[in-house]
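In: Sequence below, structure please.
(2 chains)
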Amino acid sequence: MTRFHDERNEVIGVLKMIMNMRIKIKYTAQLKKEAGVSEDWKEVEQGVGVEDLLKNIAAGHSDAFRNILFDEENNRRQSILIIHNNEQIQSEQLEVNENDEILIMSPIAGG
Amino acid sequence: MAELTDKEKAVYEWQFTVPDFGEEGQKKLKESSVLISRVGGLGSVVAYELAAAGIGKIVLAHGGNVKPSDLNRQLLMTDDWLGRPRVESAKRRLLELNPRLEVEIVNSNINEENAGELVSKVDVVVDCAPLFEERFLMNREAVRQHKPLVDCAMYELEAQIMTVIPGESACLSCLYPDWPKAWKREFPVFGAVSGTVACLGAMEAIKLIADFGEPLTGRLLTMNLRDMSFHTTKINKRNTCVVCAQV
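Out: I've put the predicted structure just below:
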């Protein structure tokens, strides 16, 4: 039974690797400044939730970065624009494919 | 419709032959008015290009005096005007270019007390303000009064622009449903960046007034002048928007 469970878990692990997609995350303006990079790559599940994706991304960055994405109650700020392959997202679940681009835009004003 | 003088025909003759614009478009510009919030890096160039194109009237709202750090991008300010009111310099420079232009200046930023009245005086609003308080005020009033709004913004070498037609397309509050608390108005900037998006803003206003071409209605044009990438994204009107959902 142990061997069965080990083999089952190994198969599940392989399936998860197959179903995960590698996508490009791009940042703008103050998000980019806080990230220190203009883009990054992430492995995500095909039907990843937007909230989960942003928390996953924020986990790898500073508090200042996180504060741009989330408010004090850890809710996503609605002023953050999420663009998936050049289209504003319509749903809280993203159907992503390998090499898709997610652009996360922080608000900007004038000058 | 207002007729063009011989002088005006001579000044604008190179615009007449733009397809779908012509003398009729020029007359529409002459009869029209635009409110520009602030005459900084963005607003200065919007105003200058509209004056050059032959707009009839410009209303400028911006408090404060010219500072040295303004002079890398605020093209209606001059070195000899340091310490003096910005809007007065703006009016002076605009009239040097186009003495036929009517310029109304308000030595104050857009605020709750003046927003409604200032928007009511014009046909089109161009938002160039660095603070979201002003931007949301102008958006609210433009939507309430059914005036088209051109929204220009920038940060370092990035910029964006979108046009709002109240009742038809997404407004600024559709784009930003909650307050952008993380926005800081101070950032590195070149005049060439503010000038770029400002020229686009002026062209949007001209197209709206003369009714030709395709404005960026409900579309957000973003640009990064570091790598010269330009993208257009459709922005959805929110049916729960507190400003425009009922319009």
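
In: Might you report the residue contacts of residue A:22?
Out: Residues near residue A:22 by CB atoms under 8 Å, 6 or more residues apart in numbering or on different chains: A:41-43, A:98-99. All C-beta atoms are positioned from the backbone trio N, CA, C, and that covers glycine.

In: What pairs with the helix or strand hosting it, parallel or antiparallel?
Out: Element membership for residue A:22 (DSSP states H and E) is strand A:20-27. Strands adjacent to strand A:20-27 in the sheet, as given by DSSP bridges, are strand A:39-45 (antiparallel), strand A:101-105 (parallel).

In: For the first one, could you pull out the residues that count as buried?
Out: For strand A:39-45, the neighbour count (16 or more other CB atoms under 10 Å in any protein chain shown) marks A:42, A:44 as buried.

In: quick check, distance from it to the centre of its chain.
Out: Counting by CA atoms, centre = their mean, to the nearest Å, strand A:39-45 is centred 6 Å from the centre of its parent chain.

In: Check the shortest one too.
Out: On the basis of CA atoms, centre = their mean, strand A:101-105 sits 9 Å off its chain's mean C-alpha point.

In: ok, and what's touching that strand?
Out: Residues from elsewhere that reach strand A:101-105, judged by CB under 8 Å, 6+ apart: A:23-29, A:31, A:53-54, A:57, A:69, A:80-86, A:94, A:96, B:222.

In: Equivalent analysis for the first one, please.
Out: Taking CB under 8 Å, 6+ apart as the criterion, the residues outside strand A:39-45 that touch it are A:19-27, A:53, A:56-57, A:60, A:94, A:96.

In: Apply 10 Å and report the result again.
Out: With CB atoms under 10 Å, 6 or more residues apart in numbering or on different chains as the test, strand A:39-45 has contacts from A:16-17, A:19-27, A:32, A:48, A:52-53, A:56-57, A:60-61, A:94, A:96, A:99-103.

In: is it true that residue A:82 touches residue A:96?
Out: No - judged on CB atoms under 10 Å, residue A:82 makes no contact with residue A:96 at a distance of 11.9 Å.

In: so who does the residue nearest to residue B:173 when sequence neighbours are not counted touch?
Out: Nearest non-adjacent residue to residue B:173, counting by CB to CB, 6 or more residues apart in numbering or on different chains: residue B:243, 4.2 Å away. By CB under 10 Å, 6+ apart, the contact list for residue B:243 reads B:136, B:139-144, B:164, B:166, B:171-174, B:177.

In: gap between residue B:243 and chain A?
Out: Residue B:243 is 14 Å from chain A, where distance means CB to the nearest CB, to the nearest Å.

In: Residue B:54 too?
Out: 25 Å.

In: Could you identify the buried members of the contacts of strand A:101-105?
Out: Buried, going by 16+ other CB under 10 Å: A:23, A:25-29, A:31, A:53-54, A:57, A:69, A:80-84, A:94, A:96, B:222, out of these.

In: and the strands paired with strand A:20-27, which one is worst for confidence?
Out: Across the strands paired with strand A:20-27, strand A:39-45 has the smallest mean pLDDT, namely a mean of 91.

In: what's the next secondary structure element after that one?
Out: Following strand A:39-45 in sequence, per DSSP H and E, is strand A:47-49.

In: Now do that next one: which elements does it pack against?
Out: strand A:20-27, helix A:50-58, strand A:93-95 (3 or more CB pairs under 10 Å, 6 or more residues apart in numbering or on different chains; DSSP states H and E).

In: Next, the angle from the first one to helix A:50-58.
Out: It refers to strand A:20-27. 70 degrees (axes from the mean of the first three to the mean of the last three CA atoms, to 10 degrees).

In: pLDDT (mean, whole number) over the helix or strand that strand A:20-27 is followed by?
Out: For strand A:20-27, the following helix or strand on the C-terminal side (DSSP H and E) is helix A:29-35. Mean pLDDT, helix A:29-35: 93.
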